[in-house]
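Engineer: Sequence first, predicted model second:
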Amino acid sequence: MIRALLIFVFLLASACAHDNAAKNAPEPNPCSWRSDTTVHKGKVTLQGPVSYTKGAQLWLQDPNHGGVILKVPKGPDRKRWLETQAIASGDLCVYTCGPMEQCLTSGRIQYLINVEIKAAP
């Protein structure tokens with residue numbers, strides 16, 4: 001009887017420790033590209049003119065956040081946003097460039113993932 005009670009107490013303590021570890025675990029970084037040097041800044045909504053980068057990625061120039069790459073699927077739909085005013089929402093990721101990488105003058109690249117985009121009024 002005592003043996004069964006000790007086993008029960010041990011299993012209960014193990015379950016509680018597992019629950020606390022799961023609650024205290026950090027949330028996974030949705031910014032999967034180079035996650036060791038990329039920080040997730042949270043969900044944001046940006047607005048501004050849309051153009052292309054030199055690498056043919058969509059680029060939104062927001063007055064508060066600066067230039068941000070929009071990670072949207074390739075295809076004919078993405079071309080329709082060129083030279084328009086748009087509102088884009090999603091997860092803002094900021095990649096910090098290494099010393100030997102060719103990055104923007106700021107040393108970081110901002111990009112938006114899980115993008116929802118619509119025309120600005």
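Structural biologist: Noted; the coordinates are in hand.
Engineer: What's the local residue count around residue 52?
Structural biologist: Number of residues near residue 52 (other Cβ atoms under 10 Å) recorded here: 14. Using the backbone N, CA and C atoms, a C-beta is placed for each residue, glycine as well.
Engineer: With residue 30 instead?
Structural biologist: Neighbours around residue 30, by other Cβ under 10 Å: 14.
Engineer: Pull the contacting residues for it.
Structural biologist: Neighbouring residues of residue 30 by Cβ atoms under 8 Å, 6 or more residues apart in numbering: 40, 91, 93, 113, 114.
Engineer: Within the sheet, what are the partner strands of the host helix or strand of the first one, with directions?
Structural biologist: Okay, so that is residue 40. Assigned by DSSP states H and E, residue 40 belongs to strand 38-52. According to DSSP bridges, strand 38-52 forms sheet pairs with strand 58-62 (antiparallel), strand 85-96 (antiparallel).
Engineer: and the last one, C-alpha only, in PDB?
Structural biologist: Yep, that's strand 85-96 we're talking about. The C-alpha coordinates for strand 85-96 follow below in PDB (Å, rounded to 0.1, in the frame of the first residue of the first chain):
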ATOM      1  CA  GLN A  85       0.000  52.300 -51.700                       C
ATOM      2  CA  ALA A  86      -0.600  49.200 -49.600                       C
ATOM      3  CA  ILE A  87      -1.400  48.100 -46.000                       C
ATOM      4  CA  ALA A  88       0.500  45.000 -45.000                       C
ATOM      5  CA  SER A  89       0.100  43.000 -41.700                       C
ATOM      6  CA  GLY A  90       2.100  40.200 -40.400                       C
ATOM      7  CA  ASP A  91       5.000  39.100 -38.200                       C
ATOM      8  CA  LEU A  92       8.000  41.500 -38.300                       C
ATOM      9  CA  CYS A  93      11.400  39.800 -38.300                       C
ATOM     10  CA  VAL A  94      14.700  41.600 -38.100                       C
ATOM     11  CA  TYR A  95      17.900  39.900 -39.200                       C
ATOM     12  CA  THR A  96      21.200  41.300 -38.000                       C
END
